[in-house]
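Participant: The sequence and its predicted three-dimensional model are supplied below.
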Amino acid sequence: MALNRRLSFLAEWYQEEAAIIRTFTISFFPDGNAIEVYDLQHKRTFLRRTKMPELSERDFFIGSKINIFGRQFDIVDYADEITKSLLDKYRKKTFLLLKSTCIPHLGAVLCALIDSNFSINRGLMVQFTPEQVKEFLKNKHGIEASSLLMNQLIAGPSIGFEVIADNAVQKIRLCKDQNKGCLNENITAPLVNLFEREDMRIGIYCPQDEEEAEQDLSYFFNPKNGLQATIQLKNSTLGIIKPHCIKEGNLGRIISEITNNGFKITGLRMNLMERVNCEEFFEVYRGILPEYIPMVAQLASGISMALEIVATDDKKNSYEEFRQFCGPMDPEIAKMLRPHTLRAKFGISKTLNAVHCTDLEDDTVLELQYIFKILDS
């Protein structure tokens, strides 16, 4: 990679106090993971070139959201032709829909995508109504739009994902269709192996081309269409996979650990939380934990995945079981005392401790409602 190579993007930031949208140029320097922000309205540097090791080139694409010191910037366009020519031809979005039969294998699906250099950008578990399924399938043709697919989507919850990769649509279609004659060195083994399983081919819907991918994404993630996150709020608890774990590529592995150890996922939503929301969410720790400020900064630093988690044995207390499974807040203590817990396996420090779980049982419903309902309002 050439020294001082620069990728430039147009970005918008909503300044809540003034209720205006401000426009900036964000330049990302892959060599050293540094960014520079220029204020287009006032024609001055907003942030001088600063190293941000938590960001990578994979975080920058049209439609992504970037948190820079607590401010959320929406990437809306390329800022120059060089960046456009480098990225626009290859870096693409596509849509994946996991039907209810595939949800127990969610960890394996995410592992295959991540190991194939896909970024997971958005995710939501929903329950389609018959009317919503008809709208979603409108103008689709062929076997994917059959009445069988309609019945599958009505039968139980589904999880939709926006995923990003070079030639994303073609890569997934080739693997799913098992078109061996077209497979090449750019088609990675994890995806090929995933779709060799018949239950995966049946359990995952994906669009036929880039135009259909854009239509699917626009419908699924548009709040106006009424698709809402599913949560049951009954003997359930909250788990949040923190941004550092997602950036480290451990999302699928953590999901697999959860579902392979006596838990099922009944709600899922990926968030890029504003700093003010992170402060509200962790308000109970203010003045109590010295890690409060870095905890807020970590949760605001990138995309996290919130989960409603239920013990598969309905006689067990989901809150208590999952809290025990997460382990002590300090991963070093977890490694010594409870090495099989999530924080022992994936945590680094008290702040970078892989997952958040609800501390007090009385707070489970409050935390679930905050993440799945209040943030969506």
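Facilitator: Here it is on my side, so go on. On a predicted model such as this, the values are computed, not experimentally measured, just so you know.
Participant: quick one: low-confidence parts of this protein?
Facilitator: By pLDDT under 70, the low-scoring segments of the chain are 1-4, 89, 141-145, 178-187, 377.
Participant: what about the strands in it?
Facilitator: Taking DSSP state E as the criterion, the chain contains strands spanning 7-15, 20-29, 34-39, 44-51, 65-68, 71-78, 91-98, 119-126, 158-166, 204-205, 237-241, 263-271, 304-311, 355-357.
Participant: Let's have those in TSV, adding distance to residue 132 and mean neighbour count.
Facilitator: From N, CA and C alone the C-beta is placed, and that goes for glycine too. Output for those, formatted as TSV (distance: least, CB to CB, whole Å; neighbours: other CB atoms under 10 Å):
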stretch	distance to residue 132	mean neighbour count
strand 7-15	29	19
strand 20-29	30	17
strand 34-39	39	18
strand 44-51	41	13
strand 65-68	25	20
strand 71-78	26	18
strand 91-98	12	23
strand 119-126	8	22
strand 158-166	11	22
strand 204-205	14	22
strand 237-241	26	24
strand 263-271	17	21
strand 304-311	21	24
strand 355-357	31	22
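Participant: Please tabulate those in JSON lines and include distance to residue 231 as additional columns.
Facilitator: Shown next, in JSON lines, are the strands of the chain (distance: least, CB to CB, whole Å):
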{"stretch": "strand 7-15", "distance to residue 231": "27"}
{"stretch": "strand 20-29", "distance to residue 231": "31"}
{"stretch": "strand 34-39", "distance to residue 231": "36"}
{"stretch": "strand 44-51", "distance to residue 231": "38"}
{"stretch": "strand 65-68", "distance to residue 231": "23"}
{"stretch": "strand 71-78", "distance to residue 231": "24"}
{"stretch": "strand 91-98", "distance to residue 231": "17"}
{"stretch": "strand 119-126", "distance to residue 231": "9"}
{"stretch": "strand 158-166", "distance to residue 231": "13"}
{"stretch": "strand 204-205", "distance to residue 231": "23"}
{"stretch": "strand 237-241", "distance to residue 231": "9"}
{"stretch": "strand 263-271", "distance to residue 231": "4"}
{"stretch": "strand 304-311", "distance to residue 231": "5"}
{"stretch": "strand 355-357", "distance to residue 231": "16"}
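Participant: Which one of the ones you listed lies nearest to residue 332?
Facilitator: strand 355-357 (15.8 Å; CB to CB).
Participant: The closest one: partners in the sheet, and parallel or antiparallel?
Facilitator: strand 237-241 (antiparallel) (DSSP bridges).
Participant: Give me the contacts around the strand it pairs with.
Facilitator: 251, 254-255, 258, 299, 304-310, 318-319, 322-323, 326, 354-358, 364, 367-368, 371 (CB atoms under 8 Å, 6 or more residues apart in numbering).
Participant: what domains does the record give for this structure?
Facilitator: Split into domains by automatic domain parsing, the chain comes to 7-87, 91-225, 237-374.
Participant: now the end-to-end length of the second one.
Facilitator: What it means is domain 91-225. 27 Å (CA to CA, to the nearest Å).
Participant: The last one too?
Facilitator: Start and end residues of domain 237-374 are separated by 16 Å (CA to CA).
Participant: Could you do the shortest one as well?
Facilitator: Taking CA to CA, the span from the opening residue of domain 7-87 to its closing residue is 9 Å.
Participant: Check stretch 84-98 too.
Facilitator: Where stretch 84-98 begins and where it ends lie 32 Å apart, using CA to CA.
Participant: ok, residues contacting it?
Facilitator: 7, 60-63, 78, 106, 109, 113, 121, 153, 158-169, 172, 203-207, 210, 213-214, 216-217, 220.
Participant: same deal with stretch 100-107?
Facilitator: 98, 109, 125, 152, 155-159, 199-200, 202-204, 252-260, 264-265.
Participant: Which members of those residues come out as buried by neighbour count?
Facilitator: 98, 109, 125, 152, 157-159, 200, 203-204, 252-259, 265 (16 or more other CB atoms under 10 Å).
Participant: residues near residue 295, how many?
Facilitator: Neighbours of residue 295 under the rule other CB atoms under 10 Å: 23.
Participant: Quick check: it vs residue 376, distance?
Facilitator: 23 Å (CB to CB, to the nearest Å).
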